[in-house]
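**Q** one predicted model, sequence on top.
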Amino acid sequence: MKNILDNIHVVMVEPQNPGNIGSAVRAMKTMGISKLRLVNPVEYRDVVEQRKLGYRSQEIVAASKEYATLADALADISLVLLTTTRDGKWKKDFILPQEAAEMSIQRAAKEKVAIVFGREDSGVTIEESQLANYCVTVPTAVSYPSLNLAQAVLVVLYEVYKMAEGNKKELPYPKTAEKRHFARLIENVWDLMKSLEFREPKKGLFHRSIKRTINRTRWTTADIAVFDRVCKQVRWYVDTRTTIKETTPEESNES
């Protein structure tokens, strides 16, 4: 049976310090997580500081993948957990690391799960935060609740590893669609709204609300296909201005 932790992916957004990457990789190795994705990282693969702090973990570095955007890094992911200490209008649905771990292990039985860590200095953008299903926050005892990158990775992955060791049960629920399918549906809904002359010419607040709402669902690819078809059918009707007349059985018989 495939190791359930193989479906857990650590995603780092624009890490700026090779040493932080090395320390985070070592934390991953310690907790049995080997899949690493980086978005626009600083040079790190052969940097001495990274190799020193990532001692005996370089196989994770060698197999790591790099992406131009966070959306690209999450395209084939079904569940996205964003670690952050900052709340706001577009950062809601906060859960604790223990809850994130339980959810990750349950879903990783059938789906790819990503645990996202933002930039060391600024976290993630509003647009990037819309890709998350849930935000994960680590409680701290001080007024400045900030962990460095490697510390945050270790705390969250420790809970994931602990949950994996104690939970071998596979839950009987359907596989959630990947993020790229959700992205397609979001664009279809937005195209439909524009065809209905919705008064938001740019992708503003309502577009963000659409993204957040749809990304929080647990729809399968079949579910998304249903809504895709609805959007396309309504858009076709609006574009062609076709008048659809329903006839009664009596009218059909008379003709």
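**A** Perfect, I can see it now.
**Q** tell me the buried residues in the longest helix along the chain?
**A** Taking DSSP state H as the criterion, the chain has its longest helix at helix 221-240. Residues of helix 221-240 classed as buried: 223, 224, 228, 231, 235 (neighbour count, 16 or more other C-beta atoms under 10 Å). All C-beta spots, glycine's among them, are computed from the backbone N, C-alpha and C.
**Q** got a list of what residue 58 touches?
**A** Residue 58 sits next to 25, 51 when contact means C-beta atoms under 8 Å, 6 or more residues apart in numbering.
**Q** and the pLDDT for it?
**A** Note on residue 58: pLDDT of 97.
**Q** residue 6 versus that one, what's the distance?
**A** Distance, residue 58 to residue 6, using C-beta to C-beta, to the nearest Å: 18 Å.
**Q** ok, the residue nearest to residue 221 when sequence neighbours are not counted - how many residues close by?
**A** Nearest residue to residue 221, sequence neighbours excluded (C-beta to C-beta, 6 or more residues apart in numbering): residue 177, at 4.5 Å. When neighbours are counted by other C-beta atoms under 10 Å, residue 177 registers 21.
**Q** you'd agree residue 177 is up against residue 223?
**A** Yes - in this structure, residue 177 is within contact of residue 223 by C-beta atoms under 8 Å, at 7.3 Å.
**Q** Provide the secondary structure category for the residue nearest to residue 221.
**A** coil (DSSP: H, G, I helix; E, B strand; the rest coil).
**Q** phi, psi of it?
**A** Dihedral angles of residue 177 (phi, psi; degrees, to the nearest 10) stand at phi -70, psi 160.
**Q** coming back round to it: let me know the average pLDDT across the longest helix of the chain.
**A** 88.
**Q** distance between it and the chain's centre?
**A** Chain-centre distance of helix 221-240: 24 Å, with C-alpha atoms, centre = their mean, to the nearest Å.
**Q** other SSEs contacting it?
**A** With contacts taken as 3 or more C-beta pairs under 8 Å, 6 or more residues apart in numbering; DSSP states H and E, helix 221-240 sits against helix 179-195.
**Q** now for the helix it packs on, which elements pack on it?
**A** helix 205-215, helix 221-240.
**Q** buried residues, that helix. List them.
**A** 179, 181, 182, 183, 185, 186, 188, 189, 190, 192, 193.
**Q** cool, and stretch 44-60?
**A** Buried, per 16+ other C-beta under 10 Å, within stretch 44-60: 44, 47, 50, 51, 53, 54, 57, 58, 60.
**Q** I appreciate the help and will end here.
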